[in-house]
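Asks: need coordinates for the below:
(4 chains)
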There are 2 protein chains.
Amino acid sequence: MQSERLPTLEDVARVAGVSRATVSRVINGIRNVDPLLHEQVWSAVDQTGYVPNRLARSLVTRRTGTVALVVSDSETHDDDPFMSRFFSDPYFGRVVGGLMSVLRPAGIQLALQMVGADGHRRLIGDLRNGQADGAVVLSLPARDPLPALLAEAAIPAVLIGRPAQPVPISYVDLDNEAGAALAAARLAAHDRRRPAIISGPADVPASVDRISGFRRAMARHGHPWVPLESGNFTQESGEQAMRALLAAHPGLDAVFVANDLMALGALLVLRDAGLRVPQDVAVVGFDDSSAAVAARPALTTVRLPLEDMAAEAARMLLARIDDPGTRVTSVIYEPTLVVRETT
Amino acid sequence: MQSERLPTLEDVARVAGVSRATVSRVINGIRNVDPLLHEQVWSAVDQTGYVPNRLARSLVTRRTGTVALVVSDSETHDDDPFMSRFFSDPYFGRVVGGLMSVLRPAGIQLALQMVGADGHRRLIGDLRNGQADGAVVLSLPARDPLPALLAEAAIPAVLIGRPAQPVPISYVDLDNEAGAALAAARLAAHDRRRPAIISGPADVPASVDRISGFRRAMARHGHPWVPLESGNFTQESGEQAMRALLAAHPGLDAVFVANDLMALGALLVLRDAGLRVPQDVAVVGFDDSSAAVAARPALTTVRLPLEDMAAEAARMLLARIDDPGTRVTSVIYEPTLVVRETT
DNA sequence: GGAGACTTGGAGAGCGCTTTCCAAGCGTGG
DNA sequence: CCACGCTTGGAAAGCGCTCTCCAAGTCTCC
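Replies: Next up, the predicted model:
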């Protein structure tokens, strides 16, 4: 890597018999260059095997051709195993896939940035002086100061998921309330009378919305109150919640679970309890992740088009980078219900 | 982001009343600086809110503090949906998690690089002139030219998974043969007499080893030949393979499946065919991914300690970056069998 | 045929940082 | 008391690139 010196613009210029500036013009596709020289330069580039040095270029253009995927988790620390759990969750992969689908064709790199309780200041600093042109933020904890800091520093950024406190930053999200209502409607239509909820953490916006959406819709269908047990989006927590629910409300005949992984856990517990799904208890999940298809019985679930959302976030970010004057906007996706075997 | 100019070394120097060089020394922790000045400099840093510009620093030091995670897939193109499938596979997340566990404490960034059929040359160029200090390579296709190119360009790199052709590059891998043998032993011990294999693509080294390891071990146990059907590591392909196997060998009583996702598919098909697992047919998977625990019945599987492997790869890479003279070495992990309900 | 407008190439000044080289300041021993 | 060696700070030369100026050359039109 450091062995012999790599060819530079200067070298190309020498071989082509022109000045550095001319080579730069040709390479960056600026007109006003004699076709003949144009030709000469390219052949010199071939000859020398020249590749522009991105660092040097970025230093002057103030553009890196990189965006950061910031995974913010101000509540845990570096040695916390939570992070690895997060990465193996399908959620992370879907987001990366979605981002890549628009970033890659645009020739933009994705840099992964994790930031814990302390790193905020540092992150902002790095971002500001050219680590990346902008950031897509996956903000995990409820009261994360990061979105506000980003807005304040005027760093182009797009959040995936609505921030807990209103902040002047663009975001993409799903209409979680509507999604939950969809689930409720399905359950009510099949005449379930004793529904329950397994929710996510009580302080995450998405979680809150799913709960209120479900409860509100159920109220409309004549069930003013729905018991709730909350988990943390892992399969294991889903199992625990299901057990607790079963103990407290043995007669329940429907469960709305705030994500598929927890629903998977719930399914296992129901099975172990000798309850048939969907005959005895109907289950609706949320996300439509690969887990939903893999589940037995296959899970009816609210589709969260995460890949599309991430792709849209990437597009919004790119637009904002191109023109910082772009207005702060948010895109809310409409959920759909994917009916499979558990309802 | 571009609004007002960020403080530079120069600014700090002015505030502290010393020269640029001195500030640089203090910041980079070089001795030989009067404690008094030392103090003054740091307070000036605080005062100005100075953050060193990584780009400028990298340009001169030739160190970026970034390593690339290269996902190489020379056989598909940009618009191929294969990639998104890959990202949602737990495999990707586990690797990222493992890498991060050592990179993050070391203060090193991870940049995601995807490279398709054409991008090799460009990638090498970018890597050579300082996109990253080194690369961890996830090489998907069988005859990928990338490892050889990296070796030739003398770029610090570590592969995850043995390359198809021998190449002078370090790698981490699992002893796939031994893993398959473990599965075979388990099956034989439970007196299964009609085993079958669902393998991965025939040209991927890991796949080949798992097949030969299983067959060899089974031969030792008195089953000289084992029928095989191959898939592509997706759940769906697992289903297809299982169906084909069932059609061709209705009497089979054991299946060794080359990864958990395909095993999940196999399980579903067996269930639909009215076969009980493990009573009628025993199933052993490979990977010990989250899918194995989620499966019903829970999947007996060969554990692939991917997080550990990725972490080790990161450590090896870091060592090699620090001292390019480090010898090319490979670390082979020993597999273990995780017994659950399917055997 | 010459002045003005336009095209095209080159010189050079940085972008923000590190690091070598040098000079000044200090203490010591002869 | 002066020569010598050591410590410590500063000046300046780049790292590889872009891009603004400016000069030279070409063309057009009166």
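Asks: residue ranges with poor pLDDT in the stretch 101-250 of chain A?
Replies: Applying pLDDT under 70 to the stretch 101-250 of chain A flags no residue at all.
Asks: what about the strands in it?
Replies: A:109-115, A:134-139, A:157-160, A:170-174, A:195-199, A:228-230 (DSSP state E, counting those that start in this stretch).
Asks: and the third one, what does it pack onto?
Replies: Meaning strand A:157-160. strand A:134-139, helix A:146-152, strand A:170-174, helix A:306-322 (3 or more Cβ pairs under 8 Å, 6 or more residues apart in numbering or on different chains; DSSP states H and E). Quick note: C-beta positions are derived from backbone N, CA and C, even for glycine.
Asks: the longest one vs strand A:134-139, what angle?
Replies: The reference is to helix A:306-322. 140 degrees (axes from the mean of the first three to the mean of the last three Cα atoms, to 10 degrees).
Asks: wait, does helix A:306-322 contact DNA strand D?
Replies: No. In terms of Cβ under 7 Å from any atom of the strand, no part of helix A:306-322 sits within range of DNA strand D; the closest distance is 14.3 Å.
Asks: convert that helix to PDB, retaining C-alpha atoms only.
Replies: C-alpha atoms of helix A:306-322 as PDB (Å, rounded to 0.1, in the frame of the first residue of the first chain):
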ATOM      1  CA  LEU A 306     -38.300  -0.300   5.600                       C
ATOM      2  CA  GLU A 307     -36.200  -0.700   2.500                       C
ATOM      3  CA  ASP A 308     -38.400   1.800   0.700                       C
ATOM      4  CA  MET A 309     -38.300   4.100   3.600                       C
ATOM      5  CA  ALA A 310     -34.500   3.900   3.900                       C
ATOM      6  CA  ALA A 311     -34.200   4.500   0.100                       C
ATOM      7  CA  GLU A 312     -36.400   7.500   0.400                       C
ATOM      8  CA  ALA A 313     -34.300   8.800   3.300                       C
ATOM      9  CA  ALA A 314     -31.200   8.500   1.200                       C
ATOM     10  CA  ARG A 315     -32.900  10.400  -1.600                       C
ATOM     11  CA  MET A 316     -34.000  13.100   0.700                       C
ATOM     12  CA  LEU A 317     -30.500  13.400   2.200                       C
ATOM     13  CA  LEU A 318     -28.900  13.600  -1.200                       C
ATOM     14  CA  ALA A 319     -31.300  16.300  -2.200                       C
ATOM     15  CA  ARG A 320     -30.600  18.300   0.900                       C
ATOM     16  CA  ILE A 321     -26.800  17.900   0.400                       C
ATOM     17  CA  ASP A 322     -27.200  19.200  -3.100                       C
END
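Asks: can you measure across stretch A:322-332, start residue to end residue?
Replies: End-to-end span of stretch A:322-332 (Cα to Cα, to the nearest Å): 22 Å.
Asks: return the set of buried residues in it.
Replies: residue A:331 (16 or more other Cβ atoms under 10 Å in any protein chain shown).
Asks: ok, residues contacting it?
Replies: Stretch A:322-332 has contacts (Cβ atoms under 8 Å, 6 or more residues apart in numbering or on different chains) with A:154, A:156, A:162, A:168-175, A:309, A:312, A:316, A:319-320, B:1-2.
Asks: distance of residue A:61 relative to DNA strand C?
Replies: Separation of residue A:61 from DNA strand C (Cβ to the nearest atom of the strand, to the nearest Å): 9 Å.
Asks: related to what we said a few turns ago, out of the strands of the stretch 101-250 of chain A, which is closest to residue B:188?
Replies: Comparing these against residue B:188 with Cβ to Cβ, the closest turns out to be strand A:195-199 (42.2 Å).
Asks: who does the closest one touch, helix- and strand-wise?
Replies: Using 3+ Cβ pairs under 8 Å, 6+ apart, the elements in contact with strand A:195-199 are helix A:205-220, strand A:228-230, helix A:235-248, strand A:254-257, helix A:260-272.
Asks: reformat the helices and strands packed on strand A:157-160 as CSV; add distance to residue B:275.
Replies: Below are those laid out as CSV (distance: least, Cβ to Cβ, whole Å):
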stretch, distance to residue B:275
strand A:134-139, 42
helix A:146-152, 52
strand A:170-174, 39
helix A:306-322, 35
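Asks: mind checking the helices and strands packed on strand A:195-199 for the one nearest to DNA strand C?
Replies: helix A:205-220 (37.2 Å; Cβ to the nearest atom of the strand).
Asks: which positions in the closest one come out as buried?
Replies: Buried residues in helix A:205-220 (16+ other Cβ under 10 Å): A:205-211, A:213-215, A:217-218.
Asks: for stretch A:303-317, same thing?
Replies: A:303-307, A:309-317.
Asks: cool, and stretch A:45-55?
Replies: A:45, A:48, A:50-55.
Asks: between the residues you listed, which sits nearest chain B?
Replies: Comparing those against chain B with Cβ to the nearest Cβ places residue A:51 closest, at 3.2 Å.
Asks: pretty sure that closest one sits in a helix.
Replies: No. Secondary structure of residue A:51 (DSSP: H, G, I helix; E, B strand; the rest coil): coil, not part of a helix.
Asks: quick one on the thing from earlier: of the contacts of stretch A:322-332, buried ones?
Replies: A:156, A:162, A:169-174, A:309, A:312, A:316, A:320, B:1.
Asks: which of the residues you listed sit farthest apart?
Replies: The two members of the buried ones among the contacts of stretch A:322-332 with the most space between them (Cβ to Cβ) are A:174 and B:1, at 28.4 Å.
Asks: quick check: the residue in the stretch 51-200 of chain A that DNA strand C sits nearest to vs residue B:59, distance?
Replies: Closest residue of the stretch 51-200 of chain A to DNA strand C, Cβ to the nearest atom of the strand: residue A:60 (3.7 Å). Distance, residue A:60 to residue B:59, by Cβ to Cβ, to the nearest Å: 10 Å.
Asks: for residue A:129, same thing?
Replies: Per Cβ to Cβ, residue A:129 is found 13 Å from residue B:59.
Asks: same question, residue A:333
Replies: 42 Å.
Asks: the more surrounded of those two?
Replies: Using other Cβ atoms under 10 Å in any protein chain shown as the criterion, residue A:333 and residue B:59 rank with residue A:333 on top: 19 against 16.
Asks: state the distance from the more buried one to residue A:134.
Replies: 21 Å.
Asks: pipe the buried residues of stretch A:45-55 into JSON lines and attach pLDDT per row.
Replies: Converted to JSON lines, these look like this (pLDDT from 0 to 100):
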{"residue": "A:45", "pLDDT": "91"}
{"residue": "A:48", "pLDDT": "90"}
{"residue": "A:50", "pLDDT": "91"}
{"residue": "A:51", "pLDDT": "91"}
{"residue": "A:52", "pLDDT": "91"}
{"residue": "A:53", "pLDDT": "92"}
{"residue": "A:54", "pLDDT": "91"}
{"residue": "A:55", "pLDDT": "92"}
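Asks: ok, the residue of the stretch 1-150 of chain A found nearest DNA strand C - how many residues close by?
Replies: Per Cβ to the nearest atom of the strand, residue A:34 is where the stretch 1-150 of chain A lies closest to DNA strand C, at 3.0 Å. Residues lying near residue A:34 (other Cβ under 10 Å) number 11.
Asks: what's the answer for residue A:321, then?
Replies: Neighbours of residue A:321 (other Cβ under 10 Å): 19.
Asks: next, the contact list for it, please.
Replies: Residues in contact with residue A:321 (Cβ under 8 Å, 6+ apart) are A:67, A:133-134, A:156.
Asks: and it, how close does it get to residue A:98?
Replies: Using Cβ to Cβ, residue A:321 is found at 18 Å from residue A:98.
Asks: which of the buried ones among the contacts of stretch A:322-332 sits closest to residue A:262?
Replies: residue A:174 (17.0 Å).
Asks: now do the same for whichever residue of the stretch 201-343 of chain A sits closest to DNA strand C: helix, strand or coil?
Replies: For the stretch 201-343 of chain A and DNA strand C, the shortest gap (Cβ to the nearest atom of the strand) falls at residue A:324, measuring 17.4 Å. Residue A:324 falls in the coil class when you classify it by three-state DSSP.
Asks: understood, closing this out.
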